[in-house]
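Trainee: model this:
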Amino acid sequence: MLFKMAFRNVLRNTRRSILTAIGIIIAVMLIIFAQGFFTGMIDNMIENTARIKSGHIRIVSPEYLRREKLFPLEEAVYITPELEDMVENTTEVQAFTYRIPFGVLLSKDENSKPAFGNAIDVDREKGFLDLSDEKYLIEGSYLEPSDEAILIGKGLAEELEFKVGDSLVIITSTAYGSPSGMNLTVKGIVQLGQANIDDNAFYIPLAAAQQLLDLDGRAAEVLVLLDSRDDAEKVASTWQSQAGDEMGLAFVPWQQDTILGMLKVVFQVYWVIYFIILLIASATIINTMLMAVFERIKEIGILKAMGMRGNRILWLLTAEASMIGLFGAAIGAVLGVILVLVVPEINFSSISGQDLGSIYFNPIIKLNLTAGAAIGCFLFGWFVATLTALYPARQGTKVRPAEALRKI
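Mentor: Okay, here's the model as predicted:
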């Protein structure tokens with residue numbers, strides 16, 4: 001009976017109901033679009049940073065992990081059949097690779113500059129960051145495992161005036177502190193769209209780096225990509241318990257990376273933004289509901305005079321707001337999903353090439369909206385719409401029958 005009355009009252013004043021619903025529709029639509037955008041942006045940052053820097057799981061020695069800012073290459077990991085078998089036989093693993101990051105002085109004729117080197121397993125690296133892809137390799141050709149050659153960042157090549165086919169010298173120290181150098185040929189020029197890489201980094205084959213750094217059969221780190229990054233903590237924990245002590249290794253999931261872990265926390269903060277959007281929309285609900293209460297003082301007075309208790313009037317007015325909220329949230333959710341489908345990606349090419357520190361960002365952000373997120377936004381909007389109606393509904397219960405009936 002109460003809900004029938006509430007439904008009749010909603011339909012009786014369509015103008016007021018539509019005005020209230022519009023605020024909810026816009027708020028829920030914006031929240032769903034924002035949810036898809038922020039989820040896509042965080043996914044973008046995590047996946048690009050995982051492929052360029054950290055993997056979903058990073059395998060290193062504990063001492064290397066503790067002192068990694070100093071590049072303690074003497075603590076490099078031995079590439080053993082047991083380690084490879086363990087990783088390859090884990091069903092969740094999509095790809096893995098070996099890397100050695102190191103610092104050098106690059107020289108050509110009278111030009112020289114400190115630079116950041118990255119030794120890569122040329123074949124395995126294609127499953128991570130495929131530098132042979134034409135979107136990265138803008139000149140020259142990709143490396144072969146046995147090459148004594150280099151892929152150099154576009155900005156670094158321009159600064160030192162390197163061209164494909166040029167010969168250069170890299171000067172560094174071995175893992176044990178002895179001076180070392182090597183002549184290499186520039187085989188290609190790459191551009192990742194990340195300023196701190198393109199202006200400072202280069203890549204050489206793992207075998208050449210092992211010779212240069214006196215690290216035969218070793219790599220500084222093993223990086224692993226999983227089919228689903230959500231499995232990282234479970235897989236890392238399993239490997240740690242099975243082989244961590246025996247192999248003397250640390251298995252670090254991406255969630256424990258300082259930067260990537262922070263991104264996961266930041267995503268939770270966006271719910272505060274969603275709540276603020278709904279709060280603004282709630283002002284419309286409160287205003288229209290207060291207006292409805294004042295317009296219906298006579299009606300409320302008659303209901304109270306006929307014996308309807310204040311709590312039933314409270315629930316009647318709240319039910320009306322809830323019905324409007326349900327309608328508005330449903331329409332807003334549908335429109336929000338349609339908007340995400342119509343605008344599936346956003347291009348931030350204007351920031352491409354800018355230095356974002358340790359965050360690696362693809363300027364093409366693909367919106368990511370799951371069915372669960374859309375339903376959650378719909379329910380969130382409905383709940384807030386109902387909740388914010390309690391105050392004006394409560395005001396309605398304070399109407400005195402005698403005062404209301406005098407206005408008839």
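Trainee: Could I get the buried residue list for the helix or strand L30 falls within?
Mentor: In the assignment (DSSP states H and E), L30 maps to helix 14-49. Judged by neighbour count using 16 or more other CB atoms under 10 Å, the buried positions of helix 14-49 are 16-17, 19-21, 23-49. All C-beta atoms are positioned from the backbone trio N, CA, C, and that covers glycine.
Trainee: Packing partners of it?
Mentor: On a contact count with 3 or more CB pairs under 8 Å, 6 or more residues apart in numbering; DSSP states H and E, helix 14-49 meets helix 258-295, helix 310-342, strand 364-366, helix 371-388.
Trainee: which residues touch the third one?
Mentor: Just to be clear, that refers to strand 364-366. With CB atoms under 8 Å, 6 or more residues apart in numbering as the test, strand 364-366 has contacts from 37, 40-41, 43-44, 344-349.
Trainee: Kindly reformat these as JSON lines containing distance to E84 and pLDDT.
Mentor: Listed next are those as JSON lines, based on distance: CB to CB, whole Å; pLDDT from 0 to 100:
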{"residue": "F37", "distance to E84": "40", "pLDDT": "86"}
{"residue": "G40", "distance to E84": "34", "pLDDT": "85"}
{"residue": "M41", "distance to E84": "35", "pLDDT": "82"}
{"residue": "D43", "distance to E84": "29", "pLDDT": "83"}
{"residue": "N44", "distance to E84": "30", "pLDDT": "83"}
{"residue": "P344", "distance to E84": "39", "pLDDT": "82"}
{"residue": "E345", "distance to E84": "37", "pLDDT": "79"}
{"residue": "I346", "distance to E84": "40", "pLDDT": "79"}
{"residue": "N347", "distance to E84": "40", "pLDDT": "73"}
{"residue": "F348", "distance to E84": "39", "pLDDT": "68"}
{"residue": "S349", "distance to E84": "39", "pLDDT": "62"}
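Trainee: Just flag the most distant two among those.
Mentor: The span of those, defined through CB to CB, is set by D43 and S349 at 18.4 Å.
Trainee: Contacts only, for S61.
Mentor: 75-77, 248-250.
Trainee: which one of the residues you listed has the most neighbours?
Mentor: The most crowded member of those, judged by other CB atoms under 10 Å, is V77 (23 neighbours).
Trainee: Grab the most central residue of the protein for me.
Mentor: In the chain, the residue lying closest to the centroid (CA atoms, centre = their mean) is I42, at 1.3 Å.
Trainee: For the chain, which element, helix or strand, carries the lowest mean pLDDT?
Mentor: helix 401-405 (a mean of 56; mean pLDDT, DSSP states H and E).
Trainee: In terms of secondary structure, what does the strand or helix carrying T238 contact?
Mentor: Secondary structure from DSSP H and E places T238 in helix 232-239. Contact analysis of helix 232-239 by 3+ CB pairs under 8 Å, 6+ apart lists strand 57-60, strand 221-226, strand 250-253 as its packing neighbours.
Trainee: hey, which of the ones you listed is tucked in deepest?
Mentor: Ranked by average neighbour count under the criterion mean count of other CB atoms under 10 Å, the helices and strands packed on helix 232-239 are headed by strand 57-60 at a mean of 25.
Trainee: Which elements pack onto it?
Mentor: Secondary elements touching strand 57-60 (3+ CB pairs under 8 Å, 6+ apart): strand 221-226, helix 232-239, strand 250-253.
Trainee: tell me the domain ranges of this structure?
Mentor: Taking automatic domain parsing as the domain assignment, the ranges for the chain are 2-49+261-405, 62-248.
Trainee: where are the low-confidence patches of the stretch 151-300 of the chain?
Mentor: Confidence mapping of the stretch 151-300 of the chain against pLDDT under 70 gives the ranges 260-268, 271, 274, 277-278, 281-300.
Trainee: Please tell me how far G155 sits from Q191.
Mentor: Applying CB to CB, to the nearest Å, the value for G155 to Q191 is 8 Å.
Trainee: got any residues that touch both of those two?
Mentor: D198.
Trainee: still on that earlier bit, reformat the helices and strands packed on helix 232-239 as TSV; add distance to V186.
Mentor: Formatted as TSV, the helices and strands packed on helix 232-239 follow (distance: least, CB to CB, whole Å):
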stretch	distance to V186
strand 57-60	30
strand 221-226	25
strand 250-253	34
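Trainee: among those strands, which is nearest L168?
Mentor: Of all these, strand 221-226 comes closest under CB to CB, at 25.4 Å.
Trainee: Could you double-check that D231 lies in contact with V93?
Mentor: No: contact between D231 and V93 fails when scored by CB atoms under 8 Å: they sit 9.6 Å apart.
Trainee: Next, show the common contact partners of these two.
Mentor: Contact with both D231 and V93 is made by no residue, according to CB under 8 Å, 6+ apart.
Trainee: and the next element down the chain from the helix holding T238?
Mentor: Under the assignment DSSP H and E, the closest C-terminal helix or strand after helix 232-239 is helix 245-247.
Trainee: Work out the gap between that next one and the centre of the chain.
Mentor: Put simply, helix 245-247 sits 33 Å off its chain's centre (CA atoms, centre = their mean, to the nearest Å).
Trainee: Only the buried residues of it, if you could.
Mentor: For helix 245-247, using 16+ other CB under 10 Å, the buried residues are M247.
Trainee: For it, which outside residues touch it?
Mentor: Counting by CB under 8 Å, 6+ apart, residues outside helix 245-247 touching it are 80, 82-83.
Trainee: now stretch 217-225
Mentor: If you take CB under 8 Å, 6+ apart as the criterion, stretch 217-225 is touched by 50-51, 54-60, 64, 71, 73, 76-79, 83, 87, 93-102, 119, 121, 127-128, 206, 210, 235.
Trainee: Which single strand of the chain contains the most residues?
Mentor: strand 93-108 (DSSP state E).
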